[in-house]
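Peer 1: Sequence first, then the predicted structure, then my questions.
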Amino acid sequence: MRSARERRSIWMVVAAVSLAWGLAACANNLAQELAWERWKKCRDYPGLIFNTIDRDGEIWVKFAAGVSDRDLEPWRACLRQAEAEQAERGLGAREEVPHGLVG
């Protein structure tokens, strides 16, 4: 039988590995960081409600009653401009970054 000190050490290692794995799973990747930067620049459009950012950088929003897909064009234009600015800084190497989806 293991001593209390050995059991405690084993549990501390298991807890540390679990914590590290959990934090790694929660960390944003580059596509998400770039999408988050675009969202922060373009979030002030009436009727848009942030939903989520997928791992591939897609920004998902919901919109309030009375807002149509047609009303989202100024927001999408803002996202395209923000993406162009990121490209000028040498970021966003993907051929096409999604410009926001409504879900």
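Peer 2: The structure has been received and is ready for your questions. If you're wondering where the values come from, they're calculated on a predicted model, not measured in any experiment.
Peer 1: where do the strands sit along this protein?
Peer 2: Applying DSSP state E to the chain gives strands spanning 48-53, 59-63, 101-102.
Peer 1: Can you list the strands that the longest one pairs with?
Peer 2: Which is strand 48-53. strand 59-63 (antiparallel) (DSSP bridges).
Peer 1: Pull out the buried residues from the strand it pairs with.
Peer 2: Residues of strand 59-63 classed as buried under the neighbour-count rule (16 or more other Cβ atoms under 10 Å) are 59, 61, 63. C-beta: built from backbone N, CA, C; applies to glycine.
Peer 1: which among those gets closest to residue 47?
Peer 2: Distance to residue 47 across the buried residues of strand 59-63 (Cβ to Cβ) is lowest for residue 63, with 4.9 Å.
Peer 1: contacting residues for the nearest residue to that closest one once chain neighbours are set aside?
Peer 2: Closest residue to residue 63 apart from its sequence neighbours, by Cβ to Cβ, 6 or more residues apart in numbering: residue 47 at 4.9 Å. With contact taken as Cβ atoms under 8 Å, 6 or more residues apart in numbering, residue 47 is in contact with 63-64, 66-67, 71.
Peer 1: can you name the two of those that are farthest apart?
Peer 2: Every pair of these checked by Cβ to Cβ; the farthest is 64 and 71, at 10.0 Å.
Peer 1: thinking residue 31 is in contact with residue 57, fair?
Peer 2: Yes: at 3.3 Å, residue 31 counts as touching residue 57 under the criterion of Cβ atoms under 8 Å.
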